[in-house]
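Asks: The amino acid sequence is not available; the structure is as follows:
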Ligand SMILES: [Zn+2]
């Protein structure tokens with residue numbers, strides 16, 4: 001599953017591939033829009049916030065707060081975010097809060113800088129359309145993995161002081 005493509009080193013010396021559909025499928029068991037969106041949010045945040053992801057430290061520098069309906073398909077976001085940010089259920093640094101609307105916050109706990117993600121109107125329309133037209137989950141994932149983050153999300157920076 002680890003290809004030589006898109007491997008990057010972070011400042012702890014650990015190397016990991018950017019989140020791929022193969023990685024998402026390995027963790028989550030299937031593909032779909034929400035696990036893929038979690039992957040894209042996390043990759044974007046890792047880059048922008050300078051997160052170490054799976055650094056050598058026991059306690060990593062990331063905290064992720066996911067607000068959404070607490071059931072699949074929406075909660076599949078959590079697995080995409082675990083794969084991409086390195087925040088995990090076991091490390092207790094990813095949280096799911098029951099909410100009607102999707103909002104995800106990724107925070108660098110060292111710099112206190114964070115990014116907030118909401119789903120763009122256009123993306124929400126597309127997801128409805130894909131489900132209505134029975135577009136395959138694989139194809140939905142592919143589309144999301146190859147879209148610009150700005151087309152998928154409304155992204156805001158914030159400070160967690
Ligand atoms: Zn799922």
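Replies: Now that the structure is in, tell me what you want to look at. Predicted model, so just to flag it, every value in this text is computed and none were measured. Numbers count the residues shown, from 1 in each chain.
Asks: Strands of the protein, start to end?
Replies: According to DSSP state E, the chain carries its strands in the segments 7-9, 15-17, 62-68, 94-98, 103-108, 113-119, 153-159.
Asks: Which positions in this structure make contact with the ion?
Replies: Counting by CB under 5 Å from the ion, the positions of the chain adjacent to the ion are 32, 72, 76. Placement of C-beta: from N, CA and C, glycine included.
Asks: Would you mind checking the residues you listed for buried ones?
Replies: 32, 76 (16 or more other CB atoms under 10 Å).
Asks: now, which of the residues of the chain next to the ion lie within helices?
Replies: Counted as lying in helices by DSSP state H, out of the residues of the chain next to the ion, are residue 76.
Asks: circling back to that earlier point, so can I have a markdown table of the strands of the chain showing mean pLDDT?
Replies: Conversion of those to a markdown table gives the following (pLDDT from 0 to 100):
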| stretch | mean pLDDT |
| --- | --- |
| strand 7-9 | 44 |
| strand 15-17 | 51 |
| strand 62-68 | 96 |
| strand 94-98 | 97 |
| strand 103-108 | 97 |
| strand 113-119 | 98 |
| strand 153-159 | 97 |
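Asks: Pick out the residue in this structure sitting closest to the ion.
Replies: Sorted by distance to the ion under CB to the ion, the residues of the chain start with residue 76, at 3.2 Å.
Asks: Low-confidence ranges, this structure, go.
Replies: Within the chain, the segments meeting pLDDT under 70 span 1-17, 53-60.
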